[in-house]
Structures are given as C-alpha cells and as structure tokens.
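> whatever this is, show me its structure:
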Amino acid sequence: MDALWVLAPLYLLAAFLYSTVGHGGASAYLALAALVGLSREAMVPIALALNVLVTSLGLWHYGRAGYFSARLLLPFVVTSVPLAFVGGSLEIPPRLFALLLGITLLLAALRLLGWGRAVAAPEAKPRLLWPLGLGLGALLGFLAGLIGVGGGIFLSPLLLFLGWADAKRTAAVSAAFIGLNSLSGLVAHALRGSPDWGLLLPLLAAVAVGGGMGSRLGARRFSPVVIQRLLGAVLAVAATKLLLQAIAG
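Sure, this is the predicted structure:
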C-alpha cells in the first residue's frame with residue numbers, strides 16, 4: 001500500500017508523457033517500480049497490462065483525428081505479435097542487452113531532440129514496406145517481449161528515420177503496435193506463472209487519467225515538432241534507465 005501511494009501519481013505523469021507520442025510507458029513503469037523496491041519479474045505483467053490500456057486510449061484519440069494507417073501497421077504486427085510471445089516466454093541475462101539497447105536509444109533520442117523540423121509524411125507508398133516490415137517486426141516484437149515492453153521505443157524512431165510516417169502518424173501506428181505486442185507478451189508472462197494483480201486496479205485508474213489527457217493533447221493540440229521532441233525525451237528517459245540497469249548489473 002505504501003508503494004501504491006508513491007507509484008500512482010508517478011504512473012499518472014509517466015502515462016501522460018508517453019501517451020502524447022503514442023507510447024504506453026512500460027519502460028518508465030518498470031523503472032519506477034524498481035525505485036520503490038518492487039521486483040521486475042512481478043511488475044512486468046502489470047506494466048504490460050497498463051501498456052494495453054494507455055495505448056488503446058492513444059489509438060482512440062489519434063485514430064479519431066485521422067492519423068492511423070492500418071496499411072503501415074500490418075507488415076510489422078504480422079511477425080511482431082507472435083515473436084513478442086516467444087520473447088516473453090524466455091529468460092535471458094539482460095545486462096549486455098540493456099547496455100547495447102540503451103546506447104542505441106540514446107543516439108536516436110539525441111537525433112530527434114536536435115531535429116529542427118518535423119519529418120514530412122511521405123506522398124507515395126513507402127518502398128520495401130512489406131519485406132522490411134516483416135523482418136523488422138519480428139526483431140522488434142522479440143526484443144519487446146524479452147524485456148517486457150511494447151516495442152514502441154524501437155518502432156517510432158525507425159518509422160521517422162526511414163521517412164515512412166510523420167510524427168503524428170508514427171504515434172498512431174506505434175500505439176497499435178505497442179498494444180498488440182503488450183497483449184501478446186502479457187499472455188506469455190501469465191502462462192509462465194500467476195502474477196500478483198494486487199496493484200493493478202489502482203494503477204490502471206492512474207494511467208487512464210494520464211494516458212487519456214496525454215493522447216488527446218498529442219493528437220489534437222501539439223504540433224508535429226513538439227511530438228517529435230517529446231518522443232526524443234521519452235527515448236532519452238528509456239535509454240538512461242537501461243544504461244543505469246546495465247551499470248548496476
């Protein structure tokens with residue numbers, strides 16, 4: 001109960017920030033839970049469940065604003081969802097993985113934060129969408145399941161750097177991608193053992209408030225440049241968390 005009083009307002013703030021760019025916030029939820037002494041193993045299923053709710057709200061708001069593209073999403077989720085289940089079923093020492101991933105995300109964050117203009121939406125169909133999407137979706141889904149997140153921290157910068165979507169369309173597609181992968185990973189973790197759901201309902205209420213407000217502002221109020229820089233900030237936070245995890249061992 002003491003942990004709940006600390007986590008609820010922090011999770012609300014995390015959901016607000018992450019949802020503005022279509023993300024669920026699982027990496028932040030896990031980092032905050034570790035700060036109050038809760039084990040990663042116990043919190044991963046809860047973080048994934050929170051991800052499903054927050055990204056559902058994000059998809060709703062961004063979709064209603066006209067930014068969702070099923071055509072862009074489909075090549076990624078065909079392979080990412082089953083591979084997220086596989087990744088969520090495995091236990092692998094995370095230190096080296098966290099170090100390499102943290103460096104990669106930090107470089108992506110610095111690039112996004114330093115970008116002076118918004119990425120424009122492509123006028124034509126992205127080239128090699130299906131062959132690249134299937135392969136990258138498998139990789140991103142597996143990594144997402146392995147570390148207990150939805151995978152948006154990988155997909156969002158990828159879509160922007162490839163020039164396949166602008167910031168708002170990226171947020172909408174990422175929300176759907178994260179929600180589906182989180183659900184797949186959640187099933188895998190639930191089958192491995194019985195999660196302790198005691199904290200879930202109060203935290204669901206907290207992230208529903210934060211996620212609802214953040215995704216609405218992201219879809220309706222914030223400019224693409226603001227979304228892009230917020231995404232850079234989110235990636236920087238995730239990178240810092242992973243690097244600290246790798247250093248602490």
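> next, the buried residues of the worst-scoring helix or strand of the chain on mean pLDDT.
Across the helices and strands of the chain, mean pLDDT, DSSP states H and E gives its lowest value to helix 95-114, namely a mean of 78. Within helix 95-114, the residues scored as buried using 16 or more other CB atoms under 10 Å are Phe97, Ala98, Leu101, Gly102, Thr104, Leu105, Leu106, Ala108, Ala109, Leu112. (Each C-beta comes from the backbone N, C-alpha and C, glycine too.)
> in a markdown table: the residues you listed, plus distance to Leu201.
Compiled in a markdown table, the buried residues of helix 95-114 are given as follows (distance: CB to CB, whole Å):
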| residue | distance to Leu201 |
| --- | --- |
| Phe97 | 32 |
| Ala98 | 30 |
| Leu101 | 31 |
| Gly102 | 32 |
| Thr104 | 35 |
| Leu105 | 31 |
| Leu106 | 35 |
| Ala108 | 34 |
| Ala109 | 33 |
| Leu112 | 35 |
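> nearest to Ala47 among these?
Comparing these against Ala47 with CB to CB picks out Ala98 as the nearest, at 15.7 Å.
> show me what the least confident helix or strand of the chain packs onto, helices and strands only.
Applying 3 or more CB pairs under 8 Å, 6 or more residues apart in numbering; DSSP states H and E, one finds that helix 95-114 contacts helix 129-147, helix 152-162, helix 224-248.
> now the second one: average pLDDT?
The pLDDT scores in helix 152-162 average 88.
> so that helix versus helix 95-114, what angle?
50 degrees (axes from the mean of the first three to the mean of the last three CA atoms, to 10 degrees).
> quick one: residues contacting the most centrally placed residue in the chain.
Closest to where the C-alpha atoms of the chain average out (CA atoms, centre = their mean) is Gly152, at 3.7 Å. Gly152 sits next to Gly22, His23, Gly24, Thr55, Ser174, Ala175, Phe177, Ile178 when contact means CB atoms under 8 Å, 6 or more residues apart in numbering.
> hmm, back to that, just the helices and strands packed on helix 95-114: most buried one?
Stretch with highest mean neighbour count among the helices and strands packed on helix 95-114: helix 152-162 (a mean of 24; mean count of other CB atoms under 10 Å).
> now it against helix 224-248, angle please.
On the basis of the same axes, to 10 degrees, helix 152-162 is oriented at 130 degrees to helix 224-248.
> quick one, the next helix or strand after helix 152-162 and helix 95-114 angle?
Using DSSP states H and E, the helix or strand that directly follows helix 152-162 along the chain is helix 167-192. Angle of helix 167-192 versus helix 95-114, following the same axes, to 10 degrees, is 160 degrees.
> ok now helix 167-192, how far from the chain's centre?
Remark: helix 167-192 is offset 7 Å from the chain centroid, using CA atoms, centre = their mean, to the nearest Å.
> what residues sit buried inside it?
167-189.
> that helix vs helix 129-147, what angle?
50 degrees.
> average pLDDT across helix 167-192?
Averaging pLDDT along helix 167-192 gives 92.
> who are the packing partners of that helix?
helix 40-64, helix 70-88, helix 129-147, helix 152-162, helix 200-220, helix 224-248.
> which strands or helices does the last one pack on?
The reference is to helix 224-248. Going by 3+ CB pairs under 8 Å, 6+ apart, helix 224-248 lies up against helix 2-19, helix 26-35, helix 95-114, helix 152-162, helix 167-192.
> look up how far Val78 lies from Phe68.
Per CB to CB, to the nearest Å, Phe68 is found 17 Å from Val78.
> these two - which one has more neighbours?
Just comparing Phe68 and Val78: by other CB atoms under 10 Å the higher neighbour count belongs to Phe68, 21 against 15.
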